[in-house]
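Participant: Provided below are the primary sequence and the corresponding predicted coordinates.
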Number of protein chains: 2
Amino acid sequence: MSASTHSQTTPTARGQCEAIDLASKIALIDGHWQPRVVAEMNDYQFKVVKLEGDFVWHKHSDTDETFIVLDGELHIDFRDGPSGDGSIVLCAGQMAVVPKGVEHKPSPARMVK
Amino acid sequence: MSASTHSQTTPTARGQCEAIDLASKIALIDGHWQPRVVAEMNDYQFKVVKLEGDFVWHKHSDTDETFIVLDGELHIDFRDGPSGDGSIVLCAGQMAVVPKGVEHKPSPARMVK
């Protein structure tokens, strides 16, 4: 699961005041690296996604990015982070925030939700 | 776990670029209804909290509020939500967003993280 900034509409259309089962939402996704919005909070979106296979190095100039791992193991490499270059590993029940402007490359060790 | 708006400092002090194990952070908390910040994303904070016993009816005039249940069962009653009055139940792996201005009362059925 990841969270990032976005626009908003009505409370009901934004998935508010309802219980959202994250595993059920993920089960609706066929492909990988295809995030789906499940709810919005202010001008932020909560998305679920299935990851498999490396992603490209990239950065977000205008926002931090949060990853919460529900299942699997996600490696994230950083370039020029707050402690220099480095990498972390996220397992189920773990989260990380990538600061805006920091180049990063998510690499699932196996299929990640 | 819940997310809400707040201020920010440096990336490292904000818990960024590191793996955060949510269960381990919660294990450090002794009491209930005592949220602890584990990371910040832009001007938002991610907090972990243990809940037991009903909370009071309240609302947040300036922000939506997000609950993600890691363990246990959380009932949330609403007054004047997008579909009128109502209530939802969140189990582990489920989340909900309470719109700003909507009165709500969280009631853990048993100890909730």
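Facilitator: The structure has been received and is ready for your questions. Residues are numbered from 1 along each chain as shown, chains lettered A, B, ... in the order given.

Participant: correct me, but residue A:65 touches residue A:98?
Facilitator: Yes. Residue A:65 is in contact with residue A:98 according to C-beta atoms under 8 Å; the separation is 4.7 Å. Any C-beta I mention is one placed from the backbone N, CA and C, and that applies to glycine too.

Participant: what sits in contact with each of these two?
Facilitator: Shared contacts of residue A:65 and residue A:98, defined by C-beta atoms under 8 Å, 6 or more residues apart in numbering or on different chains, are found at residue A:104.

Participant: Leaving out the residues flanking it, which one is nearest to residue A:10?
Facilitator: Sequence neighbours aside, residue B:82 is the residue nearest to residue A:10 in space, at 7.0 Å (criterion: C-beta to C-beta, 6 or more residues apart in numbering or on different chains).

Participant: how far away is that neighbour from residue B:88?
Facilitator: Using C-beta to C-beta, to the nearest Å, residue B:82 is found at 12 Å from residue B:88.

Participant: Contact partners for the residue nearest to residue A:10?
Facilitator: Residues in contact with residue B:82 (C-beta under 8 Å, 6+ apart) are A:10, A:11, A:12, A:16, A:17, B:99, B:102.

Participant: ranges for the helices of chain A?
Facilitator: A:22-27 (DSSP state H).

Participant: Poorly predicted segments of it, please.
Facilitator: A:1-8 (pLDDT under 70).

Participant: so how many other residues sit close to residue A:55?
Facilitator: By other C-beta atoms under 10 Å in any protein chain shown, the residues close to residue A:55 number 14.
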